[in-house]
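**Student:** Sharing a sequence plus its predicted fold:
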Amino acid sequence: MEHYNEITTSRRFVRRESVQEKCDILKEKWNSLSSSVPGRINSLHEEIKGWSEFYNSLDQFTSWLDNMKGFTLQENPKGEMEAQKHLQELEVNLI
């Protein structure tokens, strides 16, 4: 765009070779950009996949924390049988 503005705003004769050189430069830049896009798309897909896995793990962890919070709010067991039952429930939720 810079080269185009330079050509159009100067209002003077521009040599054909100069225009061709600037077009060649623009074409090289475009080709470079075009060739780098697929790689960038792949890397962005990988980033999205990584963040999705992170948020899935975070959701699982948050759910587990909520379950554990529920157990901590329960009353303390009032005997060995109740304590055993409470311990078994905790063990099941740890898995």
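**Tutor:** That came through fine. Numbers count the residues shown, from 1 in each chain.

**Student:** Please count neighbours and contacts with C-alpha atoms only from this point.
**Tutor:** Noted.

**Student:** Any buried residues in stretch 35-46, and which?
**Tutor:** Within stretch 35-46, no residue qualifies as buried by neighbour count (16 or more other CA atoms under 10 Å).

**Student:** Need the pLDDT of residue 13.
**Tutor:** On pLDDT, residue 13 comes in at 59.

**Student:** go on, residue 17?
**Tutor:** In this model, residue 17 carries a pLDDT of 79.

**Student:** From the contact counts, what lies against the host helix or strand of it?
**Tutor:** Assigned by DSSP states H and E, residue 17 belongs to helix 16-72. Under the contact criterion of 3 or more CA pairs under 8 Å, 6 or more residues apart in numbering; DSSP states H and E, helix 16-72 touches helix 80-94.

**Student:** circling back: report the angle between the helix holding residue 17 and helix 80-94.
**Tutor:** Per axes from the mean of the first three to the mean of the last three CA atoms, to 10 degrees, the angle that helix 16-72 makes with helix 80-94 is 170 degrees.

**Student:** shaky segments in the chain?
**Tutor:** Judged by pLDDT under 70, the chain has its weakly predicted residues at 1-14, 71, 74, 93-95.
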